[in-house]
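Novice: Next come a sequence and a model predicted from it.
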2 protein chains.
Amino acid sequence: MFKKFVPAFEWLTAYKKTDLTGDMSAGLIVAIMLIPQGMAYAMLAGLPPVIGLYASTVPLIIYALFGTSRQLAVGPVAMVSLLVLTGVSTITDPGTSDYISLVLLLTLMIGVIQLLMGLFKLGFLVNFMSHAVISGFTSAAAIIIGLSQLKHLIGVRLEADKNVFLIMIETVNRLSEINPITLGIGLISIGLLLTLKKIVKRVPAPLIIVLLSTLTVYYFEWHQSGVSIVGNVPSGLPSLSLPVINVKALIQLLPIALTIAFVGFMESIAMAKAIAAKEKYKVMPNKELRGLGLANIGSSFFSGFPVTGGFSRSAVNYQSGARTPLATIITAILIILTLIFFTEWFYYLPNAVLAAIIMVAVYSLIDFREVKQLLKINKVDGSVWLVTFLTTLIFGIVEGILIGIIYSLLIFVWRSAYPHVAELGYLQKEHVYRNIKRYPEVTTEQDILIFRFDSSLFFANISFYEEKLGQRLVDKSETKWVILDFSGVNSIDAVALHALEDMTKTQSYEHEVTFLFSGVKGPVKDLIIRAEWGEEYEKHIHYLSINHAHKTIKAGDIGA
Amino acid sequence: MFKKFVPAFEWLTAYKKTDLTGDMSAGLIVAIMLIPQGMAYAMLAGLPPVIGLYASTVPLIIYALFGTSRQLAVGPVAMVSLLVLTGVSTITDPGTSDYISLVLLLTLMIGVIQLLMGLFKLGFLVNFMSHAVISGFTSAAAIIIGLSQLKHLIGVRLEADKNVFLIMIETVNRLSEINPITLGIGLISIGLLLTLKKIVKRVPAPLIIVLLSTLTVYYFEWHQSGVSIVGNVPSGLPSLSLPVINVKALIQLLPIALTIAFVGFMESIAMAKAIAAKEKYKVMPNKELRGLGLANIGSSFFSGFPVTGGFSRSAVNYQSGARTPLATIITAILIILTLIFFTEWFYYLPNAVLAAIIMVAVYSLIDFREVKQLLKINKVDGSVWLVTFLTTLIFGIVEGILIGIIYSLLIFVWRSAYPHVAELGYLQKEHVYRNIKRYPEVTTEQDILIFRFDSSLFFANISFYEEKLGQRLVDKSETKWVILDFSGVNSIDAVALHALEDMTKTQSYEHEVTFLFSGVKGPVKDLIIRAEWGEEYEKHIHYLSINHAHKTIKAGDIGA
């Protein structure tokens, strides 16, 4: 019972000493990444940097105990931080204390939503998000996140912060206000982040630029020349406090809470699954939801903000040798130590460096190759990517994800409503029946029409089917027998079933033909029998293959 | 060119004298039905009765010229009238002159929407409305319409008019206020409408009760005893006038205009198609939309309200022998004559009689048999009916139709995301491969797994497929060859295609198996080739049947 709800028992009781080295080194490296990233993402979310550190303590420990992924690195991530800014800044301005308490409430809501989704086993919902939607959405969000940091990089307080077009226009208009030192620090940081990675793989580039830039600003006193710095970061641990619950805010925050709960879970589960597949263990989507939910609830009680499993840190955690969630616990302990002893070291850290870290982190999320590949295979599938990308960029991220999901589902429905149909002929050499258009060498008979409908039958395509078949019956007027190849009809709904009965009876009568159904699958046959079409029709639904139906006709066992 | 846009040319130029008798008698009978119905439906829509007569003149002539159905009887109908009341009464109170001008604007909007839908060929949209949704929605709307007339039948001015529960509660609370004469007239009218129909089929029951009740009220002066009567109906034709266009109202009315444009078209096309199928001619959905759109635009210019093709009058028109739209033109002319010469005859007509006509007309639309049948075949399909019915009854008709459509589409997506899968074995006697669960007598081989997936592959079901197949491969650990029967895979999207490639390659490697694809349909094969999986995999997608794949394995032509 207890074991079932605390997955950590499994790895704790089976912990091997050999795992410790990997866990220690991964925990350390992730902590080194997480300290600047946590502060940077808090800033992106419109919060004081220290909140990012708070969110990197308790929630990590909770996830380590309740999550099912052994290598997922939970904590603040860029996408969720942007969503927090988007949602809460429409209610009140970032930088106020109201803003912080709304973020805490939002974090609690996200936690509760994820926990409930896990308890009600709604983890499957993530399957309904097409990879094309995820990729298009992530690419656009990455651009928005990157541009939202431009103000820190150039040292100009831009008014626009979420609309990429407004940001670009304002930037051009205010080129003269750019602070050259800030821009210099930012560009050099970006350069180092990109090149150090390529030259020496084991060097934690963010740590180096954090140290270098802090020392440089301190030495040259650049904060006196308009270089914006992190400033005072309060030391010590966050105290336990209950988020203020306010019904009006609760309702206003609900849409963004649902979006973050969903997007956060999606990012997390995608990464967890990818690593689990390589390591051959299983992550349980619903337990993951519970783990993330509890982590977020914990975050809201300890002055944090929403967390989830991030792509880049998880990859680093895994590659640095993490074997169990102990690595994550070690990360959390190191951040706690940092909060107690080292916060004053961040005083001179320039914001431009944090902006550079965010920009480099999100740049790799922009994936234009994906859309190219999709367009090559199928223009319509490529359009899903493009629609999601453009909607996200132009109308906003919540709108983008919603429209992307709806559009991708509508395309599936649309395809099923106007499916491929084929008239079949006999391919003598191979003893099979195939599309007469693709195999012109097939033989056909004047009085037998063999027709295949390549879709499950449902209310939206039954009239299309009827029309196509009716047309063919008019053209091929000598037809006496119609063999409907049902091997592609995977399911049928009650409305289509009724319409199919009507069609069969009407066309039998109008065109003086007999219908034979071949290759009807079990579940479809069950429904036809339940619908009670009458013996005259039901006796013709049992032919296991077109061959059998054809033989029956040729044997003269049935009249026209 | 001209001919293309005015379908009437076809029947006008080919008009046969023999058609005239049928057209004349049908035109007359429909006019006799339409006069009381038109007034009744105008009343239902919260409008003066004469508006119902206006809407039965010009719009009918326009439809006769531009529509493609030869027997459809266009005019005011109950469902659309209720929608008008629902939509406009939230903006202003019925009975005011503002209300009438808003209805005229709404009518114009509906006309323009339908015309545009026709020009942009959006008629196909109606296919996405499941018959279960239509039936559930219509049944609930019929109950709402029937109960909304209760106030006229019992002679009590009820406050509630659209919420069936409130209507019933208020009626019970105010039982003492019932006007016994009004109720008597109403009940006798209902009795006569129901019985006369059954006894003598050719007698126009509505005409008889209109005449009888008018004379009785006049003779006994019951209007002095609280029996509500139609009162003064202005005589003469409506004058041409432009609806007042007001941007704020335009925006407020847009949702209801879209709903009516869609529902009206749906009712119209369903009836038109049913008759056309019997008479073996074709109605063109997009031309129908243009015809209805122009009719509604005409209605808005001549003080009418929204019209569409109704079920009951169209049936009567057809059964009374209408051969061409001339019947509709004759109906319109008779209504024009009525407006010029006979409006004062309606002075003493009791409203209870009009209410009785509406109630009897909509009663036949309540179709509980449909839901019973759906539930018998499939509980989920029955739930579509129930959800639509209950949502319409409880939340309102626009909400009901919208939720019904969304719910029915989601069910289709859901079904496709969790499809039926089967492992196949060889049925020796019949030379086919079938599900081993349904045919326990099939033979299987230890090193060959034959797997069939009963669905098109798309982003939402590919992971389900992967899981099912992976599980089976673990259980059947001696497998060396996997034959994937793709006869049920009707289509594949680019996301699923990519995932399928990943899956094939990963599982080939992990389980040391070779994949063979059999019965891959042309369109699916095209996409696989376009995705460039590599020769090693592509050479195994061409087996035309399971038999061929199996033979290839047995022949030892491929390695494991």
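Specialist: Here it is on my side, so go on.

Novice: And A:Ser228, how close does it get to B:Val50?
Specialist: A:Ser228 is 74 Å from B:Val50, where distance means CB to CB, to the nearest Å. (Each C-beta comes from the backbone N, C-alpha and C, glycine too.)

Novice: So for those two, which sits in the more crowded spot?
Specialist: Neighbours per residue, other CB atoms under 10 Å in any protein chain shown: of A:Ser228 and B:Val50, the larger number sits with B:Val50, 22 against 17.

Novice: I'd say that one and B:Ala42 touch.
Specialist: Yes - counting by CB atoms under 8 Å, B:Val50 touches B:Ala42, with 7.4 Å between them.

Novice: do you know how far A:Ser25 is from A:Ala73?
Specialist: From A:Ser25 to A:Ala73 the distance is 14 Å (CB to CB).

Novice: A:Phe165 - how many residues pack around it?
Specialist: 11.

Novice: Same question for the one 10 residues further on.
Specialist: A:Leu175 has 9 neighbours, counted by other CB under 10 Å.

Novice: Quick check: buried residues in the longest helix anywhere in chain A?
Specialist: Using DSSP state H, we find that the single longest helix of chain A is helix A:247-279. For helix A:247-279, a neighbour-count test (16 or more other CB atoms under 10 Å in any protein chain shown) marks A:249, A:252-253, A:256-257, A:259-276 as buried.

Novice: Stretch A:469-476 too?
Specialist: Under the neighbour-count criterion of 16+ other CB under 10 Å, stretch A:469-476 has A:Leu469, A:Gly470, A:Leu473, A:Lys476 buried.

Novice: name the element A:Ser69 belongs to?
Specialist: Assessed by DSSP states H and E, A:Ser69 sits outside every helix and strand.

Novice: Contact partners for the closest residue in space to A:Arg415 that isn't next to it in sequence?
Specialist: Nearest residue to A:Arg415, sequence neighbours excluded (CB to CB, 6 or more residues apart in numbering or on different chains): B:Ser491, at 5.9 Å. Applying CB atoms under 8 Å, 6 or more residues apart in numbering or on different chains, we find B:Ser491 in contact with A:Arg415, A:Ser416, A:Pro419, A:His420, A:Asp454, A:Ser455, B:Ser456, B:Leu457, B:Phe458, B:Pro523, B:Val524.

Novice: Next, the residue nearest to the last one when sequence neighbours are not counted: phi, psi?
Specialist: What that stands for is B:Val524. Counting by CB to CB, 6+ apart, B:Val524 lies nearest to B:Ile492, which is 5.2 Å off, once chain neighbours are set aside. Per-residue torsions, B:Ile492: phi -150, psi 140 (degrees, to the nearest 10).

Novice: Could I get the contacts of B:Ser491 in CSV, plus columns for distance to A:Ala322?
Specialist: Shown next, in CSV, are these (distance: CB to CB, whole Å):
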residue, distance to A:Ala322
A:Arg415, 42
A:Ser416, 44
A:Pro419, 47
A:His420, 48
A:Asp454, 47
A:Ser455, 46
B:Ser456, 39
B:Leu457, 35
B:Phe458, 35
B:Pro523, 45
B:Val524, 41
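
Novice: Mind checking which of A:Ser25 and A:Ala73 has more residues around it?
Specialist: Shown here are A:Ser25 and A:Ala73; by other CB under 10 Å, A:Ala73 has more neighbours (30 against 15).

Novice: For that one, which residues are in contact?
Specialist: Residues in contact with A:Ala73 (CB under 8 Å, 6+ apart) are A:Val30, A:Leu34, A:Gly309, A:Gly310, A:Arg313, A:Ser314, A:Val316, A:Asn317, A:Thr328, A:Thr331.

Novice: give me that answer again for 6 Å
Specialist: A:Val30, A:Arg313, A:Ser314, A:Asn317 (CB atoms under 6 Å, 6 or more residues apart in numbering or on different chains).

Novice: Show the contacting residues for the residue of the stretch 301-450 of chain A found nearest chain B.
Specialist: Of all residues in the stretch 301-450 of chain A, A:Asp381 sits closest to chain B, at 3.6 Å by CB to the nearest CB. The contact partners of A:Asp381, by CB under 6 Å, 6+ apart, come to A:Leu374, B:Asp493, B:Ala494.

Novice: Repeat the analysis, applying 8 Å as the threshold.
Specialist: Going by CB under 8 Å, 6+ apart, A:Asp381 touches A:Ala132, A:Leu374, A:Leu375, A:Ile411, B:Asp493, B:Ala494, B:Val495.

Novice: again with A:Phe515
Specialist: A:Val482, A:Leu484, A:Thr504, A:Gln507, A:Ser508, A:Tyr537, A:His540.

Novice: In a strand, the first one, correct?
Specialist: Spelled out, that is A:Val482. Yes - assessed by DSSP: H, G, I helix; E, B strand; the rest coil, A:Val482 belongs to a strand.

Novice: was I right about it contacting A:Asp447?
Specialist: No - in terms of CB under 8 Å, A:Val482 does not count as a neighbour of A:Asp447; the distance is 10.1 Å.

Novice: Surely A:Ala361 and A:Phe311 touch.
Specialist: No - look at A:Ala361 against A:Phe311 with CB under 8 Å: they stay out of range, at 9.0 Å.

Novice: who has more neighbours, the two?
Specialist: Taking other CB under 10 Å, A:Ala361 and A:Phe311 do not tie; A:Ala361 has more neighbours (24 against 20).

Novice: before we move on, which element is that one in?
Specialist: With DSSP H and E as the test, A:Ala361 turns up in helix A:351-363.

Novice: Check the offset of that helix from the chain's centre.
Specialist: Using CA atoms, centre = their mean, to the nearest Å, the distance from the centre of helix A:351-363 to the centre of the chain it belongs to is 23 Å.

Novice: Packing partners of that helix?
Specialist: helix A:18-44, helix A:78-88, helix A:131-148, helix A:150-154, helix A:180-199, helix A:205-220 (3 or more CB pairs under 8 Å, 6 or more residues apart in numbering or on different chains; DSSP states H and E).

Novice: Dump those helices into TSV; add mean pLDDT as well.
Specialist: Converted to TSV, those look like this (pLDDT from 0 to 100):
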stretch	mean pLDDT
helix A:18-44	91
helix A:78-88	92
helix A:131-148	91
helix A:150-154	91
helix A:180-199	89
helix A:205-220	89
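
Novice: A:Val398: which of the ones you listed is closest?
Specialist: When the helices and strands packed on helix A:351-363 are compared by CB to CB, helix A:78-88 sits nearest A:Val398, at 6.9 Å.
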